[in-house]
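Asks: here are the coordinates; sequence isn't available:
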């Protein structure tokens with residue numbers, strides 16, 4: 001599911017505030033189906049495939065922290081908890097975006113980019129003479145042919161814009177971006193504490 005990979009920008013700010021650590025004994029490995037349920041958050045299922053993929057991503061992102069060729073039990077538990085926290089928060093955020101009708105389509109994301117072109121995109125489409133080619137940028141963003149790099153760029157800005165919309169809706173009185181993000185983090189923590197969560201990780205050997 002795409003949503004489980006979406007909100008890393010926001011989750012990185014708040015994951016340290018969340019704690020779902022479980023330190024039970026490691027269970028024997030068994031073969032699981034990709035759609036087996038690892039957890040349920042407010043009626044949304046986290047399946048084995050999604051958890052396994054996100055866990056692999058988490059380990060890759062923190063590979064430099066692993067000194068040995070094999071991940072220790074302590075490190076593995078930490079990565080499992082980080083993965084769980086992220087997926088739970090992803091679901092909470094996605095549900096809130098849907099409820100508040102703040103989600104953006106790809107087309108709406110492109111419109112927002114063109115309306116206020118980010119500095120990094122403007123620099124990419126500026127030639128050696130310092131001339132910005134807005135036409136080339138628009139053509140690139142709207143090109144109909146598949147392009148993994150363009151998809152990654154649009155996904156990044158869609159997530160960013162959605163987070164900004166959510167933050168503005170939740171913390172309308174915040175005076176600074178720092179204050180807004182801090183309040184958003186507290187909101188997320190409270191939402192998770194009140195969520196209906198069923199955790200089945202240990203049945204899959206995740207401890």
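Replies: Sure, I can see it. This structure is a prediction, so every number in the text was calculated from the model and none was measured.

Asks: Now do the buried residues in the longest helix along the chain.
Replies: Across the chain, the longest stretch assigned as helix under DSSP state H is helix 73-99. The neighbour-count check on helix 73-99 (16 or more other CB atoms under 10 Å) flags 75-97 as buried. No exception for glycine: its C-beta is placed from N, CA and C like everyone else's.

Asks: Check the secondary structure at the most far-flung residue of the chain relative to its centre for me.
Replies: Ranking residues of the chain by C-alpha distance from their mean position (CA atoms, centre = their mean) puts residue 129 at the top, at 37.7 Å. Look at residue 129: counting by DSSP: H, G, I helix; E, B strand; the rest coil, its state is coil.

Asks: Show the pLDDT at it.
Replies: Residue 129 carries a pLDDT value of 92.

Asks: Can you tell me how far residue 52 is from residue 58?
Replies: The gap separating residue 52 from residue 58 is 11 Å, by CB to CB, to the nearest Å.

Asks: next one: residue 111
Replies: In terms of CB to CB, residue 111 sits 33 Å off from residue 58.

Asks: Also residue 185?
Replies: Counting by CB to CB, the gap from residue 185 to residue 58 is 20 Å.

Asks: more neighbours, those two?
Replies: residue 58 (20 against 17; other CB atoms under 10 Å).

Asks: secondary structure element for the closest residue to residue 199 other than its chain neighbours?
Replies: Leaving aside its chain neighbours, residue 199 sits nearest to residue 39 (5.3 Å; criterion: CB to CB, 6 or more residues apart in numbering). Take DSSP states H and E as the rule and residue 39 turns out to sit in strand 37-41.

Asks: packing partners for the following helix or strand past that strand?
Replies: Next in sequence after strand 37-41, counting helices and strands by DSSP H and E, comes strand 44-47. Helices and strands touching strand 44-47, by 3 or more CB pairs under 8 Å, 6 or more residues apart in numbering; DSSP states H and E, are strand 37-41, helix 73-99.

Asks: pLDDT on the next helix or strand after strand 44-47, on average?
Replies: Using DSSP H and E, the helix or strand that follows strand 44-47 towards the C-terminus is helix 48-61. Averaging pLDDT along helix 48-61 yields 93.
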